[in-house]
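Chemist: Pasted the sequence and its predicted model underneath.
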Amino acid sequence: MPFRSRNDSFTLYGRRRSSWRVPRWLVLLLLGMASGAAGLWWVQERHLPPRLGMQASQQLLQSQSRAEAEATRLAAELTQARTALAAAEQQLRTQGEDLAAQRSAVERLREDLALVLPALPPDPRGGAVEVRAARFAARGGQLDYGVALTREPAPRPLAVTLRLVATGAGRATAVELPAQDLTPGRHEVLRGRVALPAGFQPEQVTVRIVDAKSGALLGARTLIVR
């Protein structure tokens, strides 16, 4: 058999020398990746919040859904509240305008009374408070009345009581109706309605104005019920 030469090389100890070695860059790359993974694990375990499991994640998602639904509901309620507030503000503005119109109408009526009442016939009996005019009407067991009073200008207010005594036919011939306290100005018009006793038919009413403190008669007048 012919002898073939071989190019295999041997070390001093008789072992074959390896022809391939691991590159240094690969070693450094693997070491860097391992260090990075270890550092990331250390940061997560030491400094970051613990990672949630599957059940905890589902609970978190459910809580978030409930919070979003609650926020939607609150936003709807806020919109409704703002709408109601705007309507209330508009109503208040309307009521304020109506009140201003009513005050203006009352002021005009006062001015009209200041012109008309002095032109009425004087109270035949005179007095500190004069009964210039009155109107009475009996309907459905009730007496509607309107009384116009005047008073001469005075430095102090005067507290008086208006008393109405009705006379007529029925179970009673004279009925004193509920009194009314007031402090009349220069011109005063009183309107009201009082209940009459059952079966009583008023024919005339006597208006008496008395001092609220002393009871002294300040004015009186008798008028027919229409």
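Modeler: Yep, it's here.
Chemist: okay, CA-based contacts and neighbour counts for the rest of this
Modeler: Noted.
Chemist: Do a quick rundown of the helices in the chain.
Modeler: 24-46, 54-116 (DSSP state H).
Chemist: okay if I get these as a markdown table plus mean neighbour count and mean pLDDT?
Modeler: Shown next, in a markdown table, are these (neighbours: other C-alpha atoms under 10 Å; pLDDT from 0 to 100):
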| stretch | mean neighbour count | mean pLDDT |
| --- | --- | --- |
| helix 24-46 | 11 | 72 |
| helix 54-116 | 12 | 85 |
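Chemist: Throw those helices into JSON lines and include distance to Thr173, thanks.
Modeler: Rendered in JSON lines, the data for those read as follows (distance: least, C-alpha to C-alpha, whole Å):
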{"stretch": "helix 24-46", "distance to Thr173": "105"}
{"stretch": "helix 54-116", "distance to Thr173": "35"}
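Chemist: With Lys213 as the reference, name the closest of the ones you listed.
Modeler: Nearest to Lys213 among these is helix 54-116; the distance by C-alpha to C-alpha comes to 27.8 Å.
Chemist: List just the one of the helices of the chain that sits closest to Val175.
Modeler: Nearest of those to Val175, taken as C-alpha to C-alpha: helix 54-116 at 30.6 Å.
Chemist: so what secondary structure elements neighbour that closest one?
Modeler: If contacts are counted by 3 or more C-alpha pairs under 8 Å, 6 or more residues apart in numbering; DSSP states H and E, helix 54-116 sits against no helix or strand.
Chemist: mind checking how far that helix is from the chain centre?
Modeler: Here helix 54-116 is found 8 Å from its chain centre; the criterion is C-alpha atoms, centre = their mean, to the nearest Å.
Chemist: cool, stretch 205-223 as well?
Modeler: Taking mean C-alpha positions (C-alpha atoms, centre = their mean), stretch 205-223 and its chain are 45 Å apart.
Chemist: List the buried residues in that stretch.
Modeler: For stretch 205-223, the neighbour count (16 or more other C-alpha atoms under 10 Å) marks 205, 207-212, 217-221 as buried.
Chemist: what is the mean pLDDT for that stretch?
Modeler: What stretch 205-223 shows for mean pLDDT is 92.
Chemist: contacting residues around that stretch?
Modeler: For stretch 205-223, the surrounding residues in contact (C-alpha atoms under 8 Å, 6 or more residues apart in numbering) are 123, 125-131, 134-136, 158-167, 181, 204, 224-225.
Chemist: Please repeat the previous calculation with a cut-off of 6 Å.
Modeler: 127-130, 159-166, 204 (C-alpha atoms under 6 Å, 6 or more residues apart in numbering).
Chemist: re the thing from before, redo the buried residues of stretch 205-223 as CSV? Include distance to Thr83.
Modeler: Shown next, in CSV, are these (distance: C-alpha to C-alpha, whole Å):
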residue, distance to Thr83
Val205, 55
Val207, 54
Arg208, 55
Ile209, 54
Val210, 55
Asp211, 55
Ala212, 52
Leu217, 59
Leu218, 58
Gly219, 57
Ala220, 58
Arg221, 58
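Chemist: Would you point out the most distant pair within these?
Modeler: So, the buried residues of stretch 205-223 by C-alpha to C-alpha: farthest apart are Val205 and Ala212, at 20.4 Å.
Chemist: returning to what we had before: tell me which entries of the buried residues of stretch 205-223 lie within strands.
Modeler: Residues of the buried residues of stretch 205-223 located in strands (DSSP state E): 205, 207-211, 217-221.
Chemist: Among the residues you listed, find me the one that's closest to Pro23.
Modeler: Nearest member of these to Pro23, counting by C-alpha to C-alpha, is Asp211, at 124.9 Å.
Chemist: ok, that closest one to Thr150 distance?
Modeler: Going from Asp211 to Thr150 by C-alpha to C-alpha, to the nearest Å gives 15 Å.
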